[in-house]
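Asks: coordinates for the following, if possible.
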Amino acid sequence: MGQTRRVITPSRRTDVALLIVVVALLVAVNVGAHLTEGAVSVAIVPVAAVVAVVIARLAGLGWRDLGLSRAELRAGIPVTVAAVLVVAAVVSTAVAIPATREFFLSDRYDDTSEALLAAFVIIPLQTVLPEEVLFRGVLQGVLGRLFAPLTTLVVGAIAFGLWHILSSTGLTAGNEGLSGILGAGTMAQIVGIAGAVLATAVAGFVLGWLRQRTTSLLAPIALHWALNATGAIGAAVAWQVS
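Replies: All right, here's what the predicted structure looks like:
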């Protein structure tokens, strides 16, 4: 008996081509966001998210494939509320305990007004919404058309972790808790980056799972915002009580 040859359909070729374009876009945007300054560095990721959605739609992905179908939003509301409450409770407890409070002492959020601006404006508009559209929307949408659900989650999680390499440089030096444990040398910075990549990859897996579970971006957006925003507010509170 002869071997059965796998037929590569035009639709699959389109999905593979879309995946290549999306990955290339993510790499270019990630590098560009850290090499540019001013308005360009602020706008590049949100603009890329819009461009990615347009490209995905032109390539045949539907709103449901992208997690943006209005019909699916309602299913994600209970999970969304639960995720925000759990994260808020965990962060509040961690800030209240002196032993863990020092890990929130980030120089970036030592000013309360800046922390609030970050939590309610910068983080949702510049980070959470565009990243969720890019990763749990477009990337996960096209991966889901090419691979099994678990493979889709793993690949998406790895991509999300790698996305945070450049943004994690200087992470250890700017956090009193981490620098107290790891120090501030080159090796400490490498360990800090590796830890950030691992942590964000795990977060990416969870966010991707929520996206699969609820078929909507609402829940991962809420959890992503809760993790980042409560971290910023928790840092401001930690500085005030330390």
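
Asks: can we go C-alpha only for contacts and neighbour counts from here?
Replies: Will do.

Asks: show me the shaky parts of the chain.
Replies: Scanning the chain for pLDDT under 70 picks out 1-9, 170-185.

Asks: from the contact counts, what lies against the helix ranked longest in the chain?
Replies: Among the elements of the chain assigned as helix by DSSP state H, the one spanning the most residues is helix 186-214. Helices and strands touching helix 186-214, as assessed by 3 or more Cα pairs under 8 Å, 6 or more residues apart in numbering; DSSP states H and E, comprise helix 149-163, helix 176-182, helix 218-241.

Asks: format those as a markdown table; extra columns: distance to Ile123 and mean neighbour count.
Replies: Below are the helices and strands packed on helix 186-214 laid out as a markdown table (distance: least, Cα to Cα, whole Å; neighbours: other Cα atoms under 10 Å):
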| stretch | distance to Ile123 | mean neighbour count |
| --- | --- | --- |
| helix 149-163 | 16 | 20 |
| helix 176-182 | 22 | 16 |
| helix 218-241 | 7 | 23 |
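
Asks: I'd like to know which of those is closest to Gly32.
Replies: Among the helices and strands packed on helix 186-214, the nearest to Gly32 by Cα to Cα is helix 149-163 (12.1 Å).

Asks: for the closest one, give me every contacting residue.
Replies: Helix 149-163 has contacts (Cα atoms under 8 Å, 6 or more residues apart in numbering) with 26-27, 30, 135-136, 139-140, 143-144, 196-205, 208-209.

Asks: returning to that earlier point: what's the angle from the longest helix of the chain to helix 218-241?
Replies: 140 degrees (axes from the mean of the first three to the mean of the last three Cα atoms, to 10 degrees).

Asks: just the buried residues of helix 186-214, please?
Replies: By 16 or more other Cα atoms under 10 Å, the buried positions in helix 186-214 come out as 188-190, 192-194, 196-212, 214.

Asks: mind checking how far the residue nearest in space to the middle of the chain is from Val47?
Replies: Among the residues of the chain, Glu131 comes closest to the average C-alpha position under Cα atoms, centre = their mean, at 5.3 Å. Going from Glu131 to Val47 by Cα to Cα, to the nearest Å gives 11 Å.

Asks: if we can go back for a sec, go through the helices and strands packed on helix 186-214 and name the closest to Leu117.
Replies: helix 218-241 (9.5 Å).

Asks: compile the helices and strands packed on helix 186-214 into JSON lines and extend it with columns for distance to Ala96.
Replies: Converted to JSON lines, the helices and strands packed on helix 186-214 look like this (distance: least, Cα to Cα, whole Å):
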{"stretch": "helix 149-163", "distance to Ala96": "29"}
{"stretch": "helix 176-182", "distance to Ala96": "15"}
{"stretch": "helix 218-241", "distance to Ala96": "8"}
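
Asks: for those, which one sits closest to Val81?
Replies: The nearest among these, by Cα to Cα, is helix 218-241 at 7.9 Å.

Asks: who touches that closest one?
Replies: With Cα under 8 Å, 6+ apart as the criterion, helix 218-241 contacts 73, 76-77, 79-81, 83-84, 87-88, 91-92, 95, 101-102, 104-106, 109-112, 115-116, 118-120, 123-124, 128-129, 132, 136, 207-208, 210-211.
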